[in-house]
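**Student:** Provided below for reference: sequence and predicted model.
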Amino acid sequence: MPRRLRILFMASEADPFAKTGGLADVASALPAALHGLGHDVRILMPKYRGVDAVAGDLTLAVPRLRISLGDRESEGQLYEGRAASGVPVYFLAQDHYYDRDALYGTADGDYWDNCERFVFFCRGGLEAVARLGEESGAPWHPQIVHANDWQTGLVPVYLRTLYRDHPTLGKTPSVFTIHNLAYQGVFWHYDMAMTGLGWDLFTPAGLEFYGKLNFLKGGLVFSDLLTTVSRTYAREARTAALGNGLEGVLEERSHDLHGVVNGIDYEGWNPARDPAISHPYSSDDLGGKAVCREALRAEFGLVSQAGPVIGMVTRLVEQKGLDLVLEALPGILAEGCQLVLLGSGDPGLEMAFSDAARQHAGQVAVKIGYDIELSRRVYAGADCFLMPSRYEPCGLGQLIALRYGTVPIVRRTGGLADTVVEFDPARRTGTGFTFDLFAVDSLLGAVRHATSAFRQPVLWKALVKNAMAHDFSWEASAREYVTLYGKALKARGAP
Ligand code: ADP
């Protein structure tokens, strides 16, 4: 395997340029870690409305790109910028598609032309990269294309079909990462015409999914290697319970499916150097954490009391098990805990949590919104961090919580199962509290274990230190990806 790999990392969002969820964190931090390991990695994403405000000066890398979308053509351009990590970032511009208020849709639903928008991204993105250097005389050809989630699901398909005999992209293997199987990019079958792909691919062994076109399935079937963001989710995704109808495809490809757990950016998330929190602290000097807790109580209007503050920072969606939290809330309060929640999403859940905060003023506090600065104060000030997810491919919240010495209470599923180790008070090992069954009693059982440990300050301190000592920085995972890139290259006969 060549020592310095050229990797094209394609994703529909990357922090800080555009973000709706954990994918954006991964799409900026993993390339940064690969760059840190000495690889030539470049990100490619759409040029959304917000990009100019954060990206600074961009240079035009490919001034005119024409992509055929069935019976019409669309024009775009490719711009080049750079992330703070030093990683080059290409932005595919097509204002009609990407210069909009949101990334994928509004409260009224997904944008009606998402299929067209992301066919353009997949095909236009590859075409633009193939043409890099036409103007500057400095071409760049990736040895590996790493695509992510449904928005890039057609990339592996194009590499294996339309680009099969392309002079530079022809033999380029693709690695496809599933960040969440529940979002698949499923469209009307007639949209196949727009993809430029033959109808011979519209079969159950190809892109067809119960009579419709499924982008994610394209990625699953046509990529050289598949990954998902934890080992447990790699297993769970092959079951009918969590496979979202694609479990059969994943079972068939189980030898090519690898679980690589996400990391977090250890510089960006650091309680010793976080400007958003009132008192920095570290594992050697935890004094500031108690001050942060009182500051959090004051900011959220909670009364001071002896029990722990449980924090949540989350999208308010069914996946996250918030209905269970509402049901368990009286029991959580009866244990002497308080709850602080920062989140936004489903209007019904937003209302239910706002009502709960009114009903239990001083004990439950809720901020509806998406606020990264405030999330930092929740991570720092809370004693425990609750994630009772129905399923969780990896989860970043619990990793950030561990970094901030905020003890996770999680349901043992997906990445939560792989990253939180049950605390054993006798041996003082472990980093948090876990439960299996998606049920109020199970959740309350874990909360009870947490509060009982919290009442014993020496024990609690040992637990907090364990949590903070666990290393979930990106380097180890980035090395795993490099090994997989090597495997994909080898499978294609690269030296
Ligand atoms: P998912 O990607 O399913 O939303 P993850 O746990 O993988 O869940 O990642 C969520 C990321 O988004 C974390 O970095 C979390 O701190 C952040 N986040 C979620 N909701 C909010 C919010 N309301 N305000 C600020 N950050 C949030």
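**Tutor:** In hand now; what should we look at? Remember, it's a predicted structure, so these values are computed and weren't measured experimentally.

**Student:** which secondary structure elements does the helix or strand hosting R358 contact?
**Tutor:** For R358, the host element (DSSP states H and E) is helix 347-359. Of the remaining helices and strands, those touching helix 347-359 by 3 or more CB pairs under 8 Å, 6 or more residues apart in numbering; DSSP states H and E are strand 309-316, helix 322-334, strand 338-345, strand 364-368. C-beta coordinates here come from the backbone N, C-alpha and C atoms, glycine included.

**Student:** export the ones you listed to JSON lines and append columns for distance to the ligand.
**Tutor:** Output for the helices and strands packed on helix 347-359, formatted as JSON lines (distance: least, CB to the nearest ligand atom, whole Å):
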{"stretch": "strand 309-316", "distance to the ligand": "4"}
{"stretch": "helix 322-334", "distance to the ligand": "12"}
{"stretch": "strand 338-345", "distance to the ligand": "5"}
{"stretch": "strand 364-368", "distance to the ligand": "8"}
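
**Student:** okay if I get the ones you listed as CSV plus mean pLDDT?
**Tutor:** Converted to CSV, the helices and strands packed on helix 347-359 look like this (pLDDT from 0 to 100):
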stretch, mean pLDDT
strand 309-316, 97
helix 322-334, 98
strand 338-345, 97
strand 364-368, 98
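
**Student:** can you pull out the low-pLDDT segments for the stretch 151-300 of the chain?
**Tutor:** By pLDDT under 70, the stretch 151-300 of the chain contains no weakly predicted segment.

**Student:** look up the closest residue to F423, ignoring the ones flanking it.
**Tutor:** Across the structure, with CB to CB, 6 or more residues apart in numbering as the measure, the residue nearest F423 apart from its sequence neighbours is G430 (3.7 Å).

**Student:** returning to that earlier point: for P88, find the nearest of the helices and strands packed on helix 347-359.
**Tutor:** For these, the distance to P88 is smallest for strand 309-316, at 30.0 Å, taking CB to CB.

**Student:** just the pLDDT for the residue lying closest to P347 once chain neighbours are set aside.
**Tutor:** Across the structure, with CB to CB, 6+ apart as the measure, the residue nearest P347 apart from its sequence neighbours is A107 (7.7 Å). The pLDDT attached to A107 in the predicted structure is 81.

**Student:** residues near A107, how many?
**Tutor:** 7 (other CB atoms under 10 Å).

**Student:** next one: it from V317, what distance?
**Tutor:** Remark: distance between A107 and V317 (CB to CB, to the nearest Å) = 13 Å.

**Student:** what does E252 give?
**Tutor:** 29 Å.

**Student:** mind listing what V317 touches?
**Tutor:** For V317, the contact set (CB atoms under 8 Å, 6 or more residues apart in numbering) comprises 345-346, 349.

**Student:** now with 6 Å, please.
**Tutor:** Contacts were defined as CB atoms under 6 Å, 6 or more residues apart in numbering; by that measure V317 touches 345-346.

**Student:** for it, phi and psi?
**Tutor:** Dihedral angles of V317 (phi, psi; degrees, to the nearest 10) stand at phi -140, psi 160.

**Student:** when you give positions from now on, start the count at 33
**Tutor:** In the new count, where the first residue is 33, that last one comes out as V349.

**Student:** next one: phi and psi at S505?
**Tutor:** Here the main-chain torsion angles of S505 (degrees, to the nearest 10) amount to phi -80, psi 170.

**Student:** compute the number of surrounding residues for the closest residue in space to it that isn't next to it in sequence.
**Tutor:** By the measure of CB to CB, 6+ apart, the closest residue to S505 outside its immediate chain neighbours is Y298, 4.2 Å from it. Residues within reach of Y298, counting by other CB under 10 Å, total 15.

**Student:** can you show me the helices along the stretch 83-232 of the chain?
**Tutor:** In chain order, the stretch 83-232 of the chain shows helices spanning 83-87, 127-130, 146-151, 157-162, 186-192, 224-227, with DSSP state H, counting those that start in this stretch as the criterion.

**Student:** which of those is buried the deepest?
**Tutor:** Compared across those, helix 186-192 shows the largest average neighbour count, a mean of 26 (mean count of other CB atoms under 10 Å).

**Student:** can you spell out which helices and strands pack onto it?
**Tutor:** The helices and strands touching helix 186-192, judged by 3 or more CB pairs under 6 Å, 6 or more residues apart in numbering; DSSP states H and E, are strand 206-210, helix 247-254.

**Student:** which one, of these, ends up nearest to P440?
**Tutor:** With CB to CB, the closest approach to P440 among the helices and strands packed on helix 186-192 belongs to strand 206-210: 23.0 Å.

**Student:** quick check, the closest one touching the ligand?
**Tutor:** No. Judged by CB under 6 Å from any ligand atom, strand 206-210 and the ligand are separated, with a smallest distance of 12.6 Å.

**Student:** now that strand, how far from the centre of its chain.
**Tutor:** Relative to the centre of its chain, strand 206-210 is centred 14 Å away, using CA atoms, centre = their mean, to the nearest Å.

**Student:** report all helices and strands that that strand contacts.
**Tutor:** Other elements packing on strand 206-210 under the criterion 3+ CB pairs under 6 Å, 6+ apart are strand 176-180, helix 186-192, strand 257-260.

**Student:** redo these as JSON lines? Include distance to the ligand.
**Tutor:** Written out in JSON lines, the entries for the helices and strands packed on strand 206-210 read as follows (distance: least, CB to the nearest ligand atom, whole Å):
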{"stretch": "strand 176-180", "distance to the ligand": "12"}
{"stretch": "helix 186-192", "distance to the ligand": "21"}
{"stretch": "strand 257-260", "distance to the ligand": "13"}
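
**Student:** of these, which is nearest L97?
**Tutor:** L97 lies closest to helix 186-192 among the helices and strands packed on strand 206-210, at 14.6 Å (CB to CB).

**Student:** give me the distance from the closest one to the chain's centre.
**Tutor:** Here the centre of helix 186-192 is set off from its chain's centre by 22 Å, with CA atoms, centre = their mean.

**Student:** equivalent analysis for stretch 241-251, please.
**Tutor:** Stretch 241-251 has its C-alpha centroid displaced from the chain centroid by 21 Å (CA atoms, centre = their mean).

**Student:** with adjacent residues omitted, what lies nearest to D145?
**Tutor:** In space, D145 comes closest to Y129 once its chain neighbours are excluded; the distance is 7.4 Å by CB to CB, 6+ apart.

**Student:** correct me, but the one you found touches R149?
**Tutor:** Yes. Y129 lies in contact with R149 (CB atoms under 6 Å); the separation is 4.4 Å.

**Student:** for V472, give its distance to the ligand.
**Tutor:** Taking CB to the nearest ligand atom, to the nearest Å as the measure, V472 falls 22 Å from the ligand.

**Student:** now do the phi/psi pair for that residue.
**Tutor:** When quoted as degrees, to the nearest 10, the phi and psi of V472 stand at phi -60, psi -50.

**Student:** who are the neighbours in contact with N246?
**Tutor:** Contact partners of N246, counting by CB under 6 Å, 6+ apart, are 216, 218.

**Student:** around the ligand, pick out the residues from the stretch 233-382 of the chain.
**Tutor:** Counting by CB under 6 Å from any ligand atom, the residues of the stretch 233-382 of the chain near the ligand are 345-347, 374-376.

**Student:** hmm, try it at 5 Å
**Tutor:** For the stretch 233-382 of the chain, the contact set with the ligand under CB under 5 Å from any ligand atom comprises 345, 347, 374-375.

**Student:** ok, and for stretch 315-334, which residues are buried?
**Tutor:** Residues of stretch 315-334 classed as buried: 315, 318, 320-321, 323-325, 327-329, 331-332, 334 (neighbour count, 16 or more other CB atoms under 10 Å).
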